[in-house]
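1. Below is the sequence, then the predicted model.
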2 protein chains.
Amino acid sequence: MNNFEFYNPVHIVFGKGTISQLSDLLPKNKKIMITYGGGSIMKNGVYTQVTEALKGFSYVEFGGIEPNPTYETMMEALALAKQEKVEFLLAVGGGSVIDGTKLLAAALCVNDEPWGILQGEIPVEKAVPLGCVLTLPATGSEMNGSAVISRTATQEKLSFGSKFVLPQFSILDPETCYSLPDKQIANGIVDAFIHVMEQYLTFPVNTPLQDRWAEGVLHTLVEEGPKAMKNKTDYDTMANFMWSATMALNGIISRGAVEDWSTHIIGHELTALHGIDHARTLAIVLPANMNLRRNVKGEKIIQYGERIWGVTQGSANERIDATIEKTVAFFESLGVPTHLRAYDVPKETCTLVAERLKNRGVVEFGEKDDITPELVTKILLDRY
Amino acid sequence: MNNFEFYNPVHIVFGKGTISQLSDLLPKNKKIMITYGGGSIMKNGVYTQVTEALKGFSYVEFGGIEPNPTYETMMEALALAKQEKVEFLLAVGGGSVIDGTKLLAAALCVNDEPWGILQGEIPVEKAVPLGCVLTLPATGSEMNGSAVISRTATQEKLSFGSKFVLPQFSILDPETCYSLPDKQIANGIVDAFIHVMEQYLTFPVNTPLQDRWAEGVLHTLVEEGPKAMKNKTDYDTMANFMWSATMALNGIISRGAVEDWSTHIIGHELTALHGIDHARTLAIVLPANMNLRRNVKGEKIIQYGERIWGVTQGSANERIDATIEKTVAFFESLGVPTHLRAYDVPKETCTLVAERLKNRGVVEFGEKDDITPELVTKILLDRY
């Protein structure tokens, strides 16, 4: 086991009817900004619940944060937040709203162009405090200090992380998920699943508990995910899905283990270039990553195949092949394609992504620093 | 799944050589009190590592906190801490030292007799901040806000809990465990195991992820525990044991699930009356609790038996019997007896414990409030 630190002070409030607790969780006498997305919270009753709880508080609103939240939109939010002297941020939505709000929280405390935060040039040393009302299980952003932001002008998608943007609290009410479109549920399942894989499917360093916990999330997503697709108003099913997605990326399953994140690095480029949903890019890249990097991941793939999918027969390579097939079949069963050709993407993208990463200096990555630009292209061609 | 809250801001620093990080973790310019136990930290090098890291800090020491820390001892510590105007507490030791230090932290902020904290009469509204250097995996106290204290004068053993006594940080260096006596390792394994059981082996409320995580800790203790007994200087083994014990009782595995804790309530009386090691009282009570309360716990016992011990054959009652046998055999294999008669205890204790609980008003407890004084006696007689 590797040395590690763990620090996650996010106060989780989970369950039916918990949005009303906002009035106890929010700071009195501070100017609040509510941030949200495209307006689904107006239709599903969440906006009403939130504003009901905020009676007596002083707040402004900023709506219209898009999926893959853009820097441009968040700079509009920044201008309003500055003008209104906002002191606390309340993100109401899914991972995109929360991620955008984290950037806003940090940007409110810097003087230079905030894009430097995402380029790693401006260290985040403080942030305006934030809280969340989660309405879409997927990214885990409600219980971590990371955010991913897209810049339309340059077709870039970059991330940053800081303990200062860990939410002070996050309210998770599974009933808010009852009206989610099927596609968002499917994406959420795949997103959470692959978050686990990035932290688990690497090479072993003797972390049996962390492995079991990672597998626990995978098992639960495999069992509850299809149920969530069929009956999105079953409370326990949605609760189990929601809690799994949060636990998938709050840091606990990977402490002391080895992480990868190369599937995300490559996937982000596909979103930046072609607007493919984040989870759907991961569903394309992961199987190729497993296939072409079996030299690095083989031992863990075999463990994963045995424990999650019951693959126990054949040679090591046969077991790895069978395990990849099971993984692909799971994603496809949720209606999530696992080939790039399912989208309107030219084959040149497979080399373009490698070039873009190379130009940003991302030339040796993955858990063994073994992914070169050539391998990036091969990975994408493998699942074209 | 039940509604729940989760809040655990303890900063964990885990791994080889991490005690030296104390100098970064401790507050500058605050008077510190180091608390410790019977002096094992003098022999195993931990005291030297701690004082080396504390060069330049202003501190006093209080040693001699016993296993099952007593109120009387902690009142001595309180007098010294007040006299020295201590502003930060550093517990160096196992669960007893940490529990005693939590009482001290709270007691420093109350004016009345601090025993009221344990009687539930004085609410804990603040506490002096504390940090920990853990040297014995077992209780999980390093990552929770609970403490159990014994009062010699009245032969009482009571607990309290507060978010204000959550450690600010805990350093877990598995190398500090290399010199532990076999008995303490065995006790630690059993203690952590039964902490999980109290939160898992109740009745199902549809919490598949929490179940998998509880089972993950149990699996790891079953696999790593015997290795730790055989080779206590194997780093990864002790790291896995240490992390499992912490994860067993930091709250995460039980969120949304149903908890019991009746084995602890009964076990504490055996320690208070006869000085039997905490873990050893649990190893006696748990099998009887499973046996006599199969009407409440049956469904979960069958799940536990199947997933942890591979018990899949026979009627429900046969599977429960076989699962209890496996559990008993595991404890016994570690050298931990599972019968009260293994200790110098008269049979009258079985009724005395029930009377003592009754006199304190503890007359209906367990996850279904089904444990009466009569059932307490039956449970103890079942494993006399």
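-> Good, I have the coordinates.
2. Would you tell me which residues of the stretch 201-350 of chain A are close to chain B?
-> Within reach of chain B by Cβ under 8 Å from any Cβ of the partner chain, the stretch 201-350 of chain A has these residues: A:206-210, A:212-213, A:215-217, A:219-220, A:223-224, A:235-236, A:239-240, A:243-244, A:247, A:252, A:255-256. Placement of C-beta: from N, CA and C, glycine included.
3. and the residue lying closest to residue A:377 once chain neighbours are set aside, backbone torsions?
-> Spatial nearest neighbour of residue A:377, chain neighbours left out: residue A:354 (4.6 Å); criterion: Cβ to Cβ, 6 or more residues apart in numbering or on different chains. Backbone torsions for residue A:354, taken as degrees, to the nearest 10, come to phi -60, psi -40.
4. got the contact list for residue A:354?
-> For residue A:354, the contact set (Cβ atoms under 8 Å, 6 or more residues apart in numbering or on different chains) comprises A:373, A:374, A:376, A:377, A:380.
5. any idea where the strands of chain A begin and end?
-> Ranges of strands in chain A, per DSSP state E, are A:4-14, A:32-35, A:59-62, A:88-93, A:130-134, A:146-151, A:156-161, A:169-172.
6. and the gap between residue A:262 and residue A:292?
-> Plainly put, residue A:262 is 11 Å away from residue A:292 if you go by Cβ to Cβ, to the nearest Å.
7. who has more neighbours, these two?
-> Using other Cβ atoms under 10 Å in any protein chain shown, the more surrounded residue of residue A:262 and residue A:292 is residue A:262, with 26 against 17.
8. Report the contact partners of the more buried one.
-> A:198, A:289, A:365, A:366, A:367, A:371.
9. What sits closest to the residue sitting nearest the centre point of chain A if chain neighbours are left out?
-> Residue closest to the average C-alpha location in chain A (Cα atoms, centre = their mean): residue A:139, at 2.7 Å. In space, and not counting its chain neighbours, residue A:139 is closest to residue A:95: 2.8 Å by Cβ to Cβ, 6+ apart.
10. ok, that neighbour touching residue A:137?
-> No - here residue A:95 does not reach residue A:137: they are 9.2 Å apart, not a contact under Cβ atoms under 8 Å.
11. neighbour-wise, which of the two wins?
-> residue A:137 (32 against 28).
12. State the pLDDT value of that one.
-> As predicted, residue A:137 sits at a pLDDT of 96.
13. what are the phi and psi angles of it?
-> Phi and psi for residue A:137, reported as degrees, to the nearest 10, are phi -70, psi 130.
14. Now do the contacts for it.
-> When the contact criterion is Cβ under 8 Å, 6+ apart, the partners of residue A:137 are A:177, A:188, A:192, A:238, A:241, A:242, A:244, A:245, A:246.
15. could I have the lengthiest helix in chain A exported to CSV, CA atoms only?
-> Taking DSSP state H as the criterion, chain A has its longest helix at helix A:208-230. Listed next in CSV are the C-alpha coordinates belonging to helix A:208-230 (Å, rounded to 0.1, in the frame of the first residue of the first chain):
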residue,chain,number,x,y,z
PRO,A,208,-7.5,-5.6,-0.5
LEU,A,209,-9.9,-3.3,1.3
GLN,A,210,-9.8,-0.6,-1.3
ASP,A,211,-10.3,-3.2,-4.0
ARG,A,212,-13.3,-4.6,-2.2
TRP,A,213,-14.8,-1.2,-1.9
ALA,A,214,-14.2,-0.3,-5.5
GLU,A,215,-15.8,-3.7,-6.5
GLY,A,216,-18.7,-2.9,-4.1
VAL,A,217,-19.5,0.2,-6.1
LEU,A,218,-19.2,-1.7,-9.4
HIS,A,219,-21.4,-4.5,-8.1
THR,A,220,-24.0,-2.0,-7.0
LEU,A,221,-24.0,-0.1,-10.3
VAL,A,222,-24.3,-3.4,-12.2
GLU,A,223,-27.2,-4.5,-10.1
GLU,A,224,-29.0,-1.2,-9.5
GLY,A,225,-28.2,0.5,-12.8
PRO,A,226,-30.5,-1.5,-15.0
LYS,A,227,-33.3,-1.2,-12.4
ALA,A,228,-32.9,2.6,-12.4
MET,A,229,-33.3,2.6,-16.2
LYS,A,230,-36.5,0.6,-15.9
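16. Could you give me the buried positions within it?
-> The neighbour-count check on helix A:208-230 (16 or more other Cβ atoms under 10 Å in any protein chain shown) flags A:208-222, A:224-226, A:228-229 as buried.
17. Could you do stretch A:287-296 as well?
-> A:287, A:288, A:289, A:290, A:291, A:292, A:293, A:294, A:296.
18. pLDDT at the first one, what is it?
-> I take that to be residue A:287. The model's pLDDT for residue A:287 equals 98.
19. need the contact list for it.
-> Counting by Cβ under 8 Å, 6+ apart, residue A:287 touches A:324, A:327, A:328, A:338, A:382, A:383.
20. could you measure it against residue A:323, distance?
-> 10 Å.
21. Overlap of the contact sets of the two?
-> Joint contacts of residue A:287 and residue A:323 (Cβ under 8 Å, 6+ apart) do not exist.
22. Just give the nearest non-adjacent residue to residue A:27, would you?
-> residue A:88 (5.5 Å).
23. again but with residue A:264, I slipped
-> residue A:198 (6.4 Å).
24. Look up how far residue A:324 lies from that neighbour.
-> Look at residue A:198 and residue A:324: by Cβ to Cβ, they are 16 Å apart.
25. now do residue A:355
-> 27 Å.
26. Please apply the same query to residue A:206.
-> 25 Å.
27. Have a look at these two and say which one is more surrounded.
-> Taking neighbours as other Cβ under 10 Å, residue A:206 and residue A:324 compare with residue A:324 leading, 21 against 17.
28. thought residue A:52 was touching residue A:20?
-> Yes - contact criterion Cβ under 8 Å: residue A:52 and residue A:20 qualify, at 7.3 Å.
29. How is chain A partitioned into domains?
-> A:11-176, A:182-382 (automatic domain parsing).
30. Columns distance to residue B:128 on top of those, output as JSON lines?
-> What follows is the domains of chain A, written out as JSON lines (distance: least, Cβ to Cβ, whole Å):
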{"stretch": "domain A:11-176", "distance to residue B:128": "22"}
{"stretch": "domain A:182-382", "distance to residue B:128": "28"}
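31. List just the one of the ones you listed that sits closest to residue B:58.
-> domain A:11-176 (28.1 Å; Cβ to Cβ).
32. so how far does the closest one reach from one end to the other?
-> For domain A:11-176, the first-to-last residue distance is 19 Å (Cα to Cα, to the nearest Å).
33. go on, stretch A:26-38?
-> 24 Å.
34. Show me what counts as buried in that stretch.
-> Buried residues in stretch A:26-38, counted by 16+ other Cβ under 10 Å: A:26, A:32, A:33, A:34, A:35, A:36, A:37.
35. can you list contacts of that stretch?
-> Residues outside stretch A:26-38 that contact it (Cβ under 8 Å, 6+ apart) are A:47, A:50, A:54, A:57-67, A:77, A:80-81, A:84-94, A:96-97, A:100-101, A:104, A:129, A:131.
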